[in-house]
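> 3D, please:
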Amino acid sequence: MPNEAVLYSYTTIHPNPKTGESPFSLGYADFQGELRVFGKLDLGPDERPEVGMALRLEPQADTQSGPEYLLVPTKV
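You can find the predicted model right below:
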């Protein structure tokens, strides 16, 4: 599977302030061919998601709900 993808679509989640969680973004990324994955966008504090941005996929272990994938922007 290729590791380079393009952001197809995203949404930003704003948890209830009572939880103490910061907002985070989830997105769909398209890989070459017909593969599309859903994962959490791993953005820096000053980065904003943008449709069409280059991403790479980084699998992360998550003991509560199985594997989780981070979509990390590729620095050009």
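> so what's the backbone phi/psi at Gln32?
With angles defined as degrees, to the nearest 10, Gln32 sits at phi -60, psi 140.
> for Pro17, that is, sorry about that
phi -50, psi -30.
> and it, how many neighbours?
For Pro17, the neighbour count with other Cβ atoms under 10 Å is 7. Using the backbone N, CA and C atoms, a C-beta is placed for each residue, glycine as well.
> Roughly how far does it sit from Lys40?
To Lys40, Pro17 is 20 Å away according to Cβ to Cβ, to the nearest Å.
> who touches the most centrally placed residue in the chain in this structure?
Computing the C-alpha centroid of the chain and ranking residues by Cα atoms, centre = their mean puts Leu41 first, at 2.4 Å. Applying Cβ atoms under 8 Å, 6 or more residues apart in numbering to Leu41 gives the contacts 7, 10, 24-27, 49, 55, 70-71, 73.
> and it, bridged to which residues?
Here Leu41 sits in beta bridges with Leu71, going by DSSP bridges.
> I'd like the distance between it and Lys18.
The gap separating Leu41 from Lys18 is 24 Å, by Cβ to Cβ.
> Could you do Tyr8 as well?
Distance, Tyr8 to Lys18, by Cβ to Cβ: 32 Å.
> Between these two, tell me which one has more neighbours.
Neighbours were counted for Tyr8 and for Lys18 using other Cβ under 10 Å; Tyr8 has more, 15 against 6.
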